[in-house]
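S.K.: Provided below are the primary sequence and the corresponding predicted coordinates.
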Amino acid sequence: MLILGIETSCDETAVAVVEDGRRIRSNVVSSQVELHAEYGGVVPELASRQHVQALIPVLDEALERAGCGLDEIAALAVTYGPGLAGALLVGLNFAKALAYARSIPLVPVNHLEGHIYAAWLDREESPRFPLLALIVSGGHSDVVLMEDHGQYRRLGETVDDAAGEAFDKVARVLGLGFPGGPAIDRLASAAAGAPALRLPRARLERPYDFSFSGLKTRVQRIARGEEGEPPDRAELAAAFQESVVDSLVTKAVQAAEEHGVSDIVLSGGVAANSLLRKVLAERSPVPVIIPPPALCTDNGAMIAAVGWQRLQAGERAALDLDVAPGLRIG
Ligand code: KG4
Ligand code: ZN
């Protein structure tokens, strides 16, 4: 059974064809990174307009690469939240028009579930329940306990900036451009050994919540020389990265132990971070599943994977479905 996945929640226009929820037949992503780079972050209106332009060419390419036509598509899975309202509206209306014109069932997908289901794509073995998902991207930092398909309990989230957002803001402070995560990752790797500078970890009321905005402010003060002679940029980048990674890993590992999970799934754009991948694998008490980078960042295949599960459960959206920019998980 072929599902078409459509994703436009932020700055990637993405369409994919996935067979039986697992096998990727095509996964086309048109990234807007260059468009937003000169502004140092995603500009919502520009993102929406770019989706308007890119969607049909991306759909055509996805169908062509999959070697199928719309008449072979069993359902359209589309992200309806969370994300930028205008960007979501473009994708959802596009999916509705296709569903209406071709009488194809429409299945609404929560973007965050998509990030978790990336762990089912193009793998022989399924992740085992209960599993702990650490979703870390430009928009989210969530610790989620998944007990079965469709059953989630959110154990923690960020109270201010998302992890990727913190990387992007600190990169700007250090003059490293956008997106900041890969730039900090590279620069930190150039610093020899563990950083001598140790930056604090936030303490929060709820054990699995995160906060990164205090850390960002501290890096800013140090970089401006407000705390004495500043260390070099690589040292500061490494100290920042080490603090973020330690917070993420410590909480994920504690949550995994408390809930006796079988696997940990790491996903979202920040899952590309080399230190995070290494430290989580070292400290986790259970196997860590990290989808390949192209499936960790926003894509249509992960949306189609969720859509397939939802379709089995009998879910369909009515054609008056609205977007849900503030949708959460669990
Ligand atoms: O999942 P994603 O592509 O889009 C969102 O849904 O937000 O994540 C993008 C985020 C950006 O904030 C980017 O700086 C961060 O992921 N990122 C990284 C790395 N590669 C991308 N953060 C840290 N280290 C990396 N290597
Ligand atoms: Zn995302």
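M.R.: Cool, the structure landed. Ligands and ions are numbered 1, 2, ... in the order given.

S.K.: how many residues are close by the closest residue to His140 other than its chain neighbours?
M.R.: In space, His140 comes closest to Ala162 once its chain neighbours are excluded; the distance is 5.3 Å by Cβ to Cβ, 6 or more residues apart in numbering. Every residue, glycine included, has its C-beta placed from N, CA and C. Residues lying near Ala162 (other Cβ atoms under 10 Å) number 23.

S.K.: could you do Glu34 as well?
M.R.: Neighbours of Glu34 under the rule other Cβ under 10 Å: 8.

S.K.: how far away is it from ligand 1?
M.R.: Noted for Glu34: a distance of 14 Å to ligand 1, by Cβ to the nearest ligand atom, to the nearest Å.

S.K.: before we move on, what about Ala97?
M.R.: Here Ala97 is placed at a distance of 25 Å from ligand 1 (Cβ to the nearest ligand atom).

S.K.: look up phi and psi at the residue nearest to His140.
M.R.: Backbone geometry at Ala162, expressed as degrees, to the nearest 10, gives phi -80, psi 160.

S.K.: now swap in Leu155 and tell me
M.R.: Dihedral angles phi and psi of Leu155 (degrees, to the nearest 10) take the values phi -90, psi -30.

S.K.: picking that back up, test my guess that the residue nearest to His140 contacts Ser137.
M.R.: Yes. At 6.5 Å, Ala162 counts as touching Ser137 under the criterion of Cβ atoms under 8 Å.

S.K.: how much space separates Gly91 from Gln50?
M.R.: For Gly91, the distance to Gln50 (Cβ to Cβ, to the nearest Å) stands at 12 Å.

S.K.: higher neighbour count, the two?
M.R.: Gly91 (26 against 22).

S.K.: ranges for the strands of the stretch 101-250 of the chain?
M.R.: All strands of the stretch 101-250 of the chain, identified by DSSP state E, counting those that start in this stretch, fall at 106-110, 131-136, 141-148, 151-157.

S.K.: winner for burial among these?
M.R.: Most buried of those by mean neighbour count (mean count of other Cβ atoms under 10 Å) is strand 131-136; its value is a mean of 29.

S.K.: so what strands line up beside that strand?
M.R.: Sheet pairing here is set by DSSP bridges, and for strand 131-136 it gives strand 141-148 (antiparallel), strand 263-267 (parallel).

S.K.: now the residue in the stretch 201-330 of the chain that ligand 2 sits nearest to. Nearest residue, chain neighbours left out?
M.R.: Proximity of the stretch 201-330 of the chain to ligand 2 (Cβ to the ion) peaks at Asp298, 4.5 Å away. Computed as Cβ to Cβ, 6+ apart, the closest residue to Asp298 that is not its neighbour in sequence is Glu12, at 4.3 Å.
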